[in-house]
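Chemist: Predicted model and sequence follow; I will ask about them next.
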Amino acid sequence: TFAAATGIDQRLRAAQPTPPLNVREEYAQAFNLGVFSLVMPEYDQLAAHVGVQNWHPFCDLRLIKLCGALPGDQKLRDGFTRSIARRAMSGILPDEVRLRRAKTNFQAEFTSRFFSDDRPLIDHALASDAAAAYLDMDALRALLVRAESDQRTMDISRLFRAVKLILWLETV
């Protein structure tokens, strides 16, 4: 496969950063490694797929710099993350929203639509020869079977990315 021919696995392992020593280093690594630039567009596509428009107010560079400079006890206080934002929204947001600990997860809705509405696209992509030089198509078909039965988020995400790649490769 393309990955084996280029040795990408070994190169990625060698490029792994050293583990952060504190929260500030972890925060800096997340932004410097481009994790957000990789994950956010995919998350936006997943949300759009189920009719949700994402906004990312916490990705404003001024806010990122401010948060990076804050001491840890200002970020996590009394068991709550985003402590400053929660306190700032007192009287503006209902406490039910302001003090909730769980985040919204669109995975179940995405998974349902991906395996029903997009099934023709999935089948088309996995039958395509466009990516055979780059991807192990048998492994992708096995991933589809596993993703449909286990519905593990990581498997579904990998399959979604592979289908997007194959459909793109068909256009070039």
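Modeler: Right, received. Where do you want to start? Numbering: from 1, shown residues only.
Chemist: where does this protein have low pLDDT?
Modeler: Scanning the chain for pLDDT under 70 picks out the ranges 1, 17, 23, 27, 33-36, 104.
Chemist: Against Gly79, how distant is the residue of it most remote from its centre?
Modeler: Residue farthest from the centre of the chain, counting by Cα atoms, centre = their mean, is Gly91 at 32.1 Å. Distance from Gly91 to Gly79, counting by Cβ to Cβ, to the nearest Å: 21 Å. Heads up, the C-betas are built off the backbone N, CA and C, glycines and all.
Chemist: ok, back up a step: dump the residue contacts of the residue farthest from the centre of the chain.
Modeler: Shown in contact with Gly91 (Cβ atoms under 8 Å, 6 or more residues apart in numbering): no residues.
Chemist: For Trp168, the count of nearby residues, please.
Modeler: By other Cβ atoms under 10 Å, 11 other residues sit near Trp168.
Chemist: If we go by neighbour counts, what in the helix or strand where it lies is buried?
Modeler: Element membership for Trp168 (DSSP states H and E) is helix 153-169. Buried positions in helix 153-169, judged by neighbour count with 16 or more other Cβ atoms under 10 Å: 155-157, 159-160, 162-163, 166, 169.
Chemist: One more: stretch 100-113?
Modeler: Within stretch 100-113, the residues scored as buried using 16+ other Cβ under 10 Å are 106, 110-111.
Chemist: Export only the CA atoms of it, formatted as CSV.
Modeler: Provided in CSV are the C-alpha atoms of stretch 100-113 (Å, rounded to 0.1, in the frame of the first residue of the first chain):
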residue,chain,number,x,y,z
ARG,A,100,-24.0,21.3,32.8
ARG,A,101,-21.0,18.9,32.7
ALA,A,102,-21.8,16.9,29.6
LYS,A,103,-21.2,18.0,26.0
THR,A,104,-23.6,17.4,23.1
ASN,A,105,-22.6,14.5,21.0
PHE,A,106,-23.9,14.2,17.4
GLN,A,107,-22.3,10.8,16.8
ALA,A,108,-25.5,8.7,17.1
GLU,A,109,-27.3,10.9,14.6
PHE,A,110,-24.4,11.0,12.2
THR,A,111,-23.9,7.2,12.4
SER,A,112,-27.5,6.6,11.7
ARG,A,113,-27.5,8.9,8.6
